[in-house]
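# no sequence on this one, just coordinates:
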């Protein structure tokens, strides 16, 4: 085996190792990337040739975390890994977006990149190593690729930037972004922040790029050592220069005119399609089918050039706007009468209908992943049905794009959504995209923010989002360019950058950036960030005209939550054996109750639609946790009667003896003459036995003593008083030889284990 091992030294002394030549040698390229005890196996394979009628890059990136890597069993009945989790899909998307622009434009063979987490140290975040692993696998293959690249996580912890921090360090981070780049250029940025400035985010990107340069240099050395400097030859496109010139001559000026017309999306699209069809008709009928792919490719290039030149030369966009102009915005809240919160946000031809649902801890999202086991109190889901773009097809499940867009919107709103204890509710936002022509994810942020305020969720500050674009001169990208605010779908597709920024009036909360052009300077990025800030504030101003702050209260039909804290040693009493107590409380009050232990205390949430029911459950729980006090007066319930007295429940689960002599000042012949089972009675707690905790109650202590009342004389007891507890410790114990008790008559059993005896001291 020809095993090659390279090392990357991080600034804090940690090491990343790249090894090739040991595992998966039949793949076109394979490497193992290791940091500490965490190991990723990345394999890349490529088809020998491109399929017919393919004019795009068929790249597939999969990231999979093996449960065995952390010594865990997968959950579920099958006990094996199933479909990719959301976090695995998000990691795969990060790698895909960094790699895809770097394959040659005319390379169309299928490429599969598979990254497996095969060993997982619990405190190391493996997603930060996935991009490096994928690029290194390409670097040791013969697949044509314009890399290498690497991805790193940058977090600002206690004011200092750090590369690839551990899980345990992230709690104090106010910036968390993933950055991908080649040695020369930034390719992709995505992450979340706690209201940082544009300058601070740019500083983090620069910090990441300096580290990535070291990773790229090591990969270049790896390519040299494996002898993979020569990439495979390929020919995936057939070209006809005369046809290219014919398409340009026939279509360019008319494409330019259509682009300049400022027509709506579907009208413009129909006009472009009609022009393309018109050119087809100029070709000999026998050549049309054979040259269809080439015409499609050449026409796309003409359309792209016309749109870009219109913007660069005249500053006019496809819908007639200037580069900084935001499309018209209208908003509406409380649109859905039965939702806990709802809002419509419409910006141009993009529209989101968002809803908010409030629930209990039982409704929180549970994560059971290889390295992450937790619950999420706030979730956001994004749906993009085909009718949003006028497509006639069925909607089949949730795709990777929907998961990625939803995650970006979730990150944008997350820092502003209050969590427990300030907010006891589980919060779910759902954005349904009803129309789309540019940045439906940013429409989701805006609509989700409005819906949260409509629901009465006390968000810390409103959040808005904007999508930015960039058009550059291919020859002079840093000298001749146009930064576009609030881009259209076509401007995203035909432009050089897609840059989404969300935030409050005070700073950025999330970002996602994909750059498709080489050599873009930081000065251009800085200008784009400032223009995005101005556009974001304009959008927020329009939103605030609809609703400027959260509603003072939840909707009348929203179930309410009461949250209380109980001592940790009371948690078991509230739950009861096998959950019998808490289930009884829920059943009899019609509420939902959850208990979590935090810092040695019990956090109890009582969730219900009726205030009376919630108050009843609250009183019940408080009673269970209450500590009886000698001298206090209680309103109790008679739960059982014996010859010598009654047992009264003064607090839930806490009973005391009301002796027959304490029922009234006069002589009482039978307990039933004064109280019966089920009666409610006021009693005073006279005594609590320090050893046994047994309680002695009195009713007569609360009744005025009759005038002239004389206390009867008490006859001395033969053999002394014996408490029931003493039977276990030896005093009054049964004589094992005679079967009789000392100093009293033998015990008689009543069939229900209740002593048939008129001796109150036994209880």
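Yep, it's here. A quick note: this is a predicted structure, and the numbers were derived from the prediction, not measured.
# quick one: the helices in the stretch 601-750 of the chain?
611-625, 726-729 (DSSP state H, counting those that start in this stretch).
# Which one of these lies nearest to residue 515?
When the helices of the stretch 601-750 of the chain are compared by Cβ to Cβ, helix 611-625 sits nearest residue 515, at 53.7 Å. C-beta here means a position set from N, CA and C on the backbone, and glycine is covered the same way.
# what packs against the closest one?
Helix 611-625 is packed against strand 560-567, helix 571-575, helix 580-589, strand 601-608, with contacts defined by 3 or more Cβ pairs under 8 Å, 6 or more residues apart in numbering; DSSP states H and E.
# please redo it, this time with the cut-off set to 10 Å
Here helix 611-625 touches strand 560-567, helix 571-575, helix 580-589, strand 592-598, strand 601-608, strand 645-651, going by 3 or more Cβ pairs under 10 Å, 6 or more residues apart in numbering; DSSP states H and E.
# quick one: which of those is nearest residue 21?
strand 592-598 (50.3 Å).
# Quickly compare the helices of the stretch 601-750 of the chain and say which is most buried.
Mean neighbours per residue, mean count of other Cβ atoms under 10 Å, is largest over the helices of the stretch 601-750 of the chain for helix 611-625, with a mean of 18.
# Go ahead and name everything in contact with it.
Applying Cβ atoms under 10 Å, 6 or more residues apart in numbering, the contact partners of helix 611-625 are 559-562, 564-567, 569-571, 573-576, 581-582, 584-586, 588-593, 595, 602, 604, 606-608, 610, 634, 649-654.
# coming back round to it: in CSV, list the helices of the stretch 601-750 of the chain along with mean pLDDT and distance to residue 166.
Listed next are those as CSV, based on pLDDT from 0 to 100; distance: least, Cβ to Cβ, whole Å:
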stretch, mean pLDDT, distance to residue 166
helix 611-625, 90, 39
helix 726-729, 39, 55
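# hang on, the earlier thing: let's have the helices and strands packed on helix 611-625 in CSV, adding mean neighbour count, mean pLDDT and distance to residue 367.
Output for these, formatted as CSV (neighbours: other Cβ atoms under 10 Å; pLDDT from 0 to 100; distance: least, Cβ to Cβ, whole Å):
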stretch, mean neighbour count, mean pLDDT, distance to residue 367
strand 560-567, 16, 90, 23
helix 571-575, 17, 91, 24
helix 580-589, 16, 94, 25
strand 592-598, 16, 90, 16
strand 601-608, 22, 91, 20
strand 645-651, 22, 90, 39
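# Tabulate these (TSV), appending distance to residue 465.
Shown next, in TSV, are the helices and strands packed on helix 611-625 (distance: least, Cβ to Cβ, whole Å):
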stretch	distance to residue 465
strand 560-567	30
helix 571-575	42
helix 580-589	41
strand 592-598	33
strand 601-608	32
strand 645-651	53
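# Now do the strands in the stretch 301-450 of the chain.
Here the stretch 301-450 of the chain has its strands, by DSSP state E, counting those that start in this stretch, at 329-333, 341-347, 350-359, 365-368, 373-376, 378-383, 426-435.
# Could you please name the strands the second one pairs with and the direction of each pair?
Strand partners for strand 341-347, identified by DSSP bridges, are recorded as strand 329-333 (antiparallel), strand 350-359 (antiparallel).
# ok, back up a step: residue 456: which of the strands of the stretch 301-450 of the chain is closest?
That would be strand 341-347 among the strands of the stretch 301-450 of the chain, by Cβ to Cβ, at 7.2 Å.
# That closest one versus strand 426-435: what angle between them?
30 degrees (axes from the mean of the first three to the mean of the last three Cα atoms, to 10 degrees).
# roughly how far out does strand 341-347 sit from the chain middle?
Strand 341-347 has its C-alpha centroid displaced from the chain centroid by 21 Å (Cα atoms, centre = their mean, to the nearest Å).
# what do you get for stretch 273-281?
Worked out by Cα atoms, centre = their mean, stretch 273-281 lies 47 Å from the chain centre.
# do stretch 140-149 as well
Using Cα atoms, centre = their mean, the offset of stretch 140-149 from its chain centre is 34 Å.
# in that stretch, what's buried?
Using 16 or more other Cβ atoms under 10 Å as the test for burial, stretch 140-149 gives 140, 141, 142, 143, 144, 145, 147, 148, 149.
# same question, stretch 655-668
655, 656, 657, 658, 659, 660, 661, 662, 663, 665, 668.
# same deal with stretch 9-26?
16, 18, 19, 20, 21, 24.
# out of these, which one sits closest to residue 484?
Closest to residue 484, out of all of these and judged by Cβ to Cβ, is residue 16, at 37.8 Å.
# May I see the buried residues of stretch 221-237?
222, 223, 226, 228, 234, 237.
# from those residues, which is closest to residue 553?
Nearest to residue 553 among the buried residues of stretch 221-237, with distances taken as Cβ to Cβ, is residue 222, at 61.8 Å.
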